[in-house]
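A.B. asks: build me a model from this:
(2 chains)
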Amino acid sequence: MSEKQPTGRGGQMLRRLQYEGAARVVAPALATGLRAQRRLRSWRRPKKEPSEWFGPPLRATYRLKEVLTRHYLSGRYADGAVPVAWVTSGFPIELLRPFGYHVVYPENHAAMCGVQRKGVKLAQVAEVWGLSQDTCGYARCDIGSFLSGNTPAGRLPKPDILLACTNICQTVVHWYRTLAAILKVPVFVVDTPFLSGDPDERTETYVAEQLEECMQLCARIAGKKVDRKALGRVAQRSKEASELWGECLALSQAEPAPWTGFEQFLHLGPIVAMRGLPECNAYYRELRDELRERVKHGIGAIRHERFRLLWDNLPIWYELRSLSTLLAEVGFTIVTTTYSYGWAETAPLFDPRDPIVSAARVYARVFINRSLDFRLEMMKKLVNTYSCDGAILHSNHSCKPYSVGQIDLADRLAKEASIRTLLLDGDHIDMRVHSKEQAEGRLAAFMESFGGL
Amino acid sequence: MTIRIGIDVGSTTTKAVAVDDSGRVLARSIEPGDPRIAQQAQRMLEALLERVGGGGEASIVATGYGRKLVAMAGKKRTEISCHALGAFHVMNRPGVLIDVGGQDTKVIRLNSDGSVADFVMNDKCAAGTGRFLEVILARLGVSWDELADRYASADPPVQISSTCTVFAESEVISMLANGQPVDSVVKGLHIALSDRIVSMAGRLLMGVETVLLSGGVASNSAMVAALSSKVGKPVAVVPEPQFVGALGAALLG
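C.D. replies: This next block holds a predicted model:
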């Protein structure tokens, strides 16, 4: 990441050409090539036996790969071509879109490292550098990736600004300040006070004022003027995207559910990283249509759905496959998750006529920024809406804000929603603190307790 | 008569129990765990079948860590389900079962029909398990049979604050080096273990009348005394405490 970029006006134009070329020419060509390769393979190879446990795979998964490849591929050439920001997942990204920023989500990137089981190696780099093993796995993975220059994305563009919002946790303040010190770029932290009760106007005004200031700063860095009409259009697209995501999730109310909560984690990519862009909405329209078709034809994500579960907390990224199989083999499926629902929950609050204040409203009310009572009610609502028989609460070693209070949540949810609940120890990134054998044993015992096996 | 056999391939020992149609125990066997799990299970099952004379016909259910490697088993079930069923079959009452095994401790709340209402297990470490006791007793040079007397005679106990087996061992070494009597350390050790188990069991123990104890550690009466004092009511030991899981597995056949 320390390599030199071409400088001057000519250099910037060349860089812009590479950036646009990667997004508009190379990535689509790559996608066409991969599609042709898939077709060729399907002709040559004998047809695979359908899985004993899972329904046919979602076609949209291939499309997802194309969309994300395009995003990361163009990102390699973004710095020097367009302004670049690194942001937290809960940051009101709409503010940046009118200025043409390329946006990098370190959390998404770390999740990608987690799925590919590269998280521990990168985290260790950060630990040797001085971070505690108890620090958030995403933060360690991200900082380790930056320090070592090692990333499955090929290359991440150097940011012009770092933007953090405290609605997801307080760790982001320290994480982004650390990045700012290493990268020597400005950092802007939007403070969203924790909502122990109902949100009030003062909180919204306080957050809205910060957003206004942040937008002015981002405009200065990009060398552009604030365009409130364009911002309104972006807010409209974000609203639509969140609604589309909500529609996709709601289709899992069908029995059998057309996709699993673990698939939802993977398909979260665009709503997190590409919110406010037209391609994000196009992607979820396609996904929604495919899910509708599956519901119409009674195609389930797993073949023999017997019990439906809610998942709380981040995924255990490196064990998604093994956990899915363990569940599917005995007819269990995750139909809803608090994490994926978080991206749909506040959709109605987006107001394109008042994008700044409504963004303050939307982003301060993220469920992880709210009381345990609120979270309990949200989980009870999900259990009822999705006809869940039980819930798995992933007690995530290195994500304290999401995990503190889960023992009480599990107890109260069990009592008040009359379902079975399980606390499952793990970590979203760090395989070293996940005891696979014990976790799987516990999950198996939990499933046996439903009877009928 | 249909013979049903349960085999519990635990972390420290492997247990097998054969029962008849009515659930009456016909035979039991126990061996220290062999790393060649599949062969040991096969050999123990064949020997048990020969003893009860089932003519080679029996339904076999496996449980415990090594259950997946028991080729002869028609069904495989977790220790939680099997311990719940085994304990309920013997005690015939709802309550909470604490099973202190070699490398894990389970706390299971039983419904009035013997099914599992809820359960908790120790996390990722051996604190509060039989192994914790074994490691430190080896350091103290105290045998299992002496425990009850040493526990009863010690006054006052020392306080052991580490829950980690390795750190607790270091703590015990420094206590001995400071001249603390062995008996006080033994008592302190049992109290520390009970504290750890009860804090893990926590919410499951609330409002429960019967508390049962099973697993290899249940044969240590010092542990029963320490646990009863911590829970605040007498803890009842399930007869043949090491075989509860294997019995439950047999009953599932």
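
A.B. asks: tell me where chain B is predicted with low confidence.
C.D. replies: Chain B contains residues with pLDDT under 70 at B:54-56, B:123-127.

A.B. asks: quick one: the strands in the chain?
C.D. replies: You didn't say which chain, so I picked chain A. Secondary structure of chain A (DSSP state E): strands at A:84-87, A:102-104, A:161-165, A:187-190, A:307-312, A:332-337, A:390-396, A:420-426.

A.B. asks: the intended chain is chain B.
C.D. replies: For chain B, applying DSSP E gives strands covering B:4-9, B:13-19, B:25-32, B:59-63, B:75-76, B:95-100, B:105-110, B:116-121, B:211-214, B:235-237.

A.B. asks: just those: most buried one?
C.D. replies: When you average the neighbours per residue for each of those (mean count of other Cβ atoms under 10 Å in any protein chain shown), strand B:4-9 leads with a mean of 28. (C-beta placed from N, C-alpha, C; glycine too.)

A.B. asks: ok, back up a step: could the strands of chain A go into TSV alongside distance to chain B?
C.D. replies: Shown next, in TSV, are the strands of chain A (distance: least, Cβ to the nearest Cβ, whole Å):
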stretch	distance to chain B
strand A:84-87	33
strand A:102-104	34
strand A:161-165	31
strand A:187-190	34
strand A:307-312	15
strand A:332-337	14
strand A:390-396	9
strand A:420-426	5
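
A.B. asks: so which of those is the most surrounded?
C.D. replies: For the strands of chain A, ranked by mean neighbour count under the definition mean count of other Cβ under 10 Å, the leader is strand A:332-337 at a mean of 28.

A.B. asks: that one to strand A:307-312, inter-axis angle?
C.D. replies: 40 degrees (axes from the mean of the first three to the mean of the last three Cα atoms, to 10 degrees).

A.B. asks: so what's residue A:21 closest to, chain neighbours aside?
C.D. replies: Closest residue to residue A:21 apart from its sequence neighbours, by Cβ to Cβ, 6 or more residues apart in numbering or on different chains: residue A:77 at 7.9 Å.

A.B. asks: residues contacting that neighbour?
C.D. replies: Neighbouring residues of residue A:77 by Cβ atoms under 8 Å, 6 or more residues apart in numbering or on different chains: A:15, A:18-19, A:21-22, A:157.

A.B. asks: how about residue A:82?
C.D. replies: So residue A:82 contacts A:16, A:19, A:100-102 (Cβ under 8 Å, 6+ apart).

A.B. asks: who wins on neighbours among those residues?
C.D. replies: Each of the contacts of residue A:82 was scored for neighbours by other Cβ atoms under 10 Å in any protein chain shown, and residue A:101 scores highest at 24 neighbours.

A.B. asks: make sure it is actually in contact with residue A:79.
C.D. replies: No: contact criterion Cβ atoms under 8 Å: residue A:101 and residue A:79 do not qualify, at 11.2 Å.

A.B. asks: give me every residue in chain A lying close to chain B.
C.D. replies: Residues of chain A lying close to chain B (Cβ under 8 Å from any Cβ of the partner chain) are A:407, A:411, A:414, A:420, A:423, A:425, A:433, A:435, A:437-438, A:441-442, A:444-445, A:448-449, A:451, A:453.

A.B. asks: coming back round to it: can you lay out the strands of chain A as CSV showing mean pLDDT and distance to residue B:183?
C.D. replies: Putting these into CSV (pLDDT from 0 to 100; distance: least, Cβ to Cβ, whole Å) gives the following:
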stretch, mean pLDDT, distance to residue B:183
strand A:84-87, 96, 61
strand A:102-104, 94, 63
strand A:161-165, 97, 57
strand A:187-190, 97, 58
strand A:307-312, 98, 47
strand A:332-337, 98, 51
strand A:390-396, 97, 39
strand A:420-426, 94, 36
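
A.B. asks: can you give me the helices for the stretch 51-200 of chain B?
C.D. replies: Assigned by DSSP state H, counting those that start in this stretch, the helices in the stretch 51-200 of chain B fall at B:79-91, B:130-140, B:147-153, B:165-177, B:182-201.

A.B. asks: surely residue A:298 and residue A:256 touch.
C.D. replies: Yes: in this structure residue A:298 lies within contact range of residue A:256 using Cβ under 8 Å: 7.1 Å.

A.B. asks: who has more neighbours, those two?
C.D. replies: Ranked by neighbour count (other Cβ under 10 Å), residue A:298 and residue A:256 place residue A:256 first, with 21 against 11.

A.B. asks: quick check: closest non-adjacent residue to that one.
C.D. replies: The nearest residue in space to residue A:256 (Cβ to Cβ, 6+ apart) is residue A:300, at 2.7 Å.

A.B. asks: just want to check the distance between the most centrally placed residue in chain B and chain A.
C.D. replies: Nearest to the mean C-alpha position of chain B, by Cα atoms, centre = their mean, lies residue B:215 at 1.7 Å. The gap separating residue B:215 from chain A is 16 Å, by Cβ to the nearest Cβ, to the nearest Å.

A.B. asks: tell me the contacts of that residue?
C.D. replies: By Cβ under 8 Å, 6+ apart, the neighbours of residue B:215 are B:98-101, B:105, B:130, B:241-242, B:244.

A.B. asks: cool, and residue A:98?
C.D. replies: Residue A:98 touches A:224, A:226-227, A:230-231, A:234, counting by Cβ under 8 Å, 6+ apart.

A.B. asks: for residue B:141, see how far away the nearest residue to residue B:148 once chain neighbours are set aside is.
C.D. replies: Nearest in space to residue B:148, with sequence neighbours left out and distances taken as Cβ to Cβ, 6+ apart, is residue B:221 at 4.5 Å. From residue B:221 across to residue B:141, the span is 20 Å (Cβ to Cβ, to the nearest Å).

A.B. asks: quick one: residue B:94 and residue B:112 touch, right?
C.D. replies: Yes: with contact defined as Cβ under 8 Å, residue B:94 counts as touching residue B:112 (4.5 Å).

A.B. asks: which outside residues touch stretch B:164-180?
C.D. replies: With contact meaning Cβ under 8 Å, 6+ apart, stretch B:164-180 is reached by B:125-127, B:131-132, B:135-136, B:139-140, B:158, B:160-162, B:182, B:185, B:189, B:192.

A.B. asks: list the buried residues of it.
C.D. replies: Of the residues in stretch B:164-180, B:165, B:168-169, B:171-172, B:175 count as buried by neighbour count, 16 or more other Cβ atoms under 10 Å in any protein chain shown.

A.B. asks: and stretch A:219-231, by the same measure?
C.D. replies: Quick answer for stretch A:219-231 (16+ other Cβ under 10 Å): A:219, A:221-222, A:231.

A.B. asks: among these, which are located in helices?
C.D. replies: Among the buried residues of stretch A:219-231, the members falling in helices are A:219, A:221-222, A:231 (criterion: DSSP state H).

A.B. asks: from these, which is closest to residue A:335?
C.D. replies: The nearest member of those to residue A:335, counting by Cβ to Cβ, is residue A:231 at 35.8 Å.
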